[in-house]
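Enquirer: Based on what follows, work out the 3D shape:
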Amino acid sequence: MDYLEIGIIAIEFLAILAVGFILGKAIHRTVVGIAKVFTKKTATTLDDEILGAIEGPLKAISIIIFVYVISERLENLSAINATINQYAYSILILLGAYIISDVFGAVLRWYYYEGKRKSRIKIDDTILPFLRKVSKVVILTAGIYFALYIIGIDLSGLLTATSVMAIVLGLAAQETLANIFAGIALQLDRPFVYGDKLKFVTGEIATLKSIGLRTSKLEDSSGNIILISNSELAKQRLIKIKNKTERKNR
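Expert: Okay, the predicted model is just below:
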């Protein structure tokens, strides 16, 4: 293959990228525009949340599909078509994982603002951030794993090294892990929810604002923010002060 043929292939490949980008973007805009017409007519905002979450990744998917389809039609690119196909599948897997993660996040976001008033399934607000973080990590990790597997990267050695490193880091960061697991336990057990007024054994009263991965945030009567580690909060003897509504219902 001489330099002229290489130049022609390079020009054809760049032309494919340009045409694929233009067509993919045009088709994406048309499909999203049609979808928005239908979502505006529905009574729920769930479809709007999902469409907003997948709109960006769908554009990339449309472009990749058009690049793939056009490249298959050109015989001059047969030498690199296998590479294009391989990486196209890998990228599509990554984008698919990203879409699934964002759709799950959109459903949780919709449930927080609207769904909990209509759904028969009741999920405590305090557990929603935990579900979002865990689902995002799990889905994206699985997507990265399969995407690398598609392009022929063996992850067995990496997983072994990562496991050993995780053990070493776990021993070195026992306190941090204790706070993380305590935060998970607090969110799963749900002894109290955001906005509850809690009384400590010292007599101090504070309102629970959030439970993070390592620390929890509370606010005292003066508006000062109190940060306390999750493991320390889990050990505290706390009294939940009932509001007027809870007292009336009782």
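Enquirer: For the rest of this, base every contact and every neighbour count on C-alpha atoms.
Expert: Noted.
Enquirer: excluding its backbone neighbours, what's nearest the most centrally placed residue in the chain?
Expert: Among the residues of the chain, the one closest to the centroid is residue 136, at 3.3 Å (Cα atoms, centre = their mean). Spatially, and ignoring its direct neighbours in sequence, residue 136 is nearest to residue 101 (5.4 Å; Cα to Cα, 6 or more residues apart in numbering).
Enquirer: That neighbour touches residue 135, doesn't it?
Expert: Yes - between residue 101 and residue 135 there is a contact at 6.8 Å, judged by Cα atoms under 8 Å.
Enquirer: so what's residue 91 closest to, chain neighbours aside?
Expert: Residue 91 sits nearest to residue 147 (Cα to Cα, 6+ apart), 6.9 Å away.
Enquirer: And the strand or helix carrying that neighbour, what's buried?
Expert: Per DSSP states H and E, residue 147 falls inside helix 128-150. Within helix 128-150, the residues that count as buried by 16 or more other Cα atoms under 10 Å are 128-132, 135-136, 139-140, 143-148, 150.
Enquirer: now swap in stretch 33-45 and tell me
Expert: 39, 45.
Enquirer: which helices and strands does the longest helix along the chain pack with?
Expert: Identified as the longest helix of the chain according to DSSP state H is helix 3-39. Contact here means 3 or more Cα pairs under 8 Å, 6 or more residues apart in numbering; DSSP states H and E; on that basis helix 3-39 packs against helix 46-72.
Enquirer: and if we set it to 10 Å?
Expert: Counting contacts by 3 or more Cα pairs under 10 Å, 6 or more residues apart in numbering; DSSP states H and E, helix 3-39 packs against helix 46-72, helix 78-110.
Enquirer: Arrange the ones you listed in TSV, one row each, with mean neighbour count and mean pLDDT as further columns.
Expert: Output for the helices and strands packed on helix 3-39, formatted as TSV (neighbours: other Cα atoms under 10 Å; pLDDT from 0 to 100):
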stretch	mean neighbour count	mean pLDDT
helix 46-72	19	78
helix 78-110	19	79
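Enquirer: Need these in TSV (columns: distance to residue 36).
Expert: Output for those, formatted as TSV (distance: least, Cα to Cα, whole Å):
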stretch	distance to residue 36
helix 46-72	8
helix 78-110	16
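Enquirer: thinking again about what came up before, now for the buried residues of helix 128-150, which pair is the farthest apart?
Expert: Greatest spacing in these, by Cα to Cα: 128 and 150 (32.8 Å).
Enquirer: Residue 11 is nearest to which of the helices and strands packed on helix 3-39?
Expert: Here helix 46-72 is closest among the helices and strands packed on helix 3-39 (Cα to Cα), at 12.4 Å.
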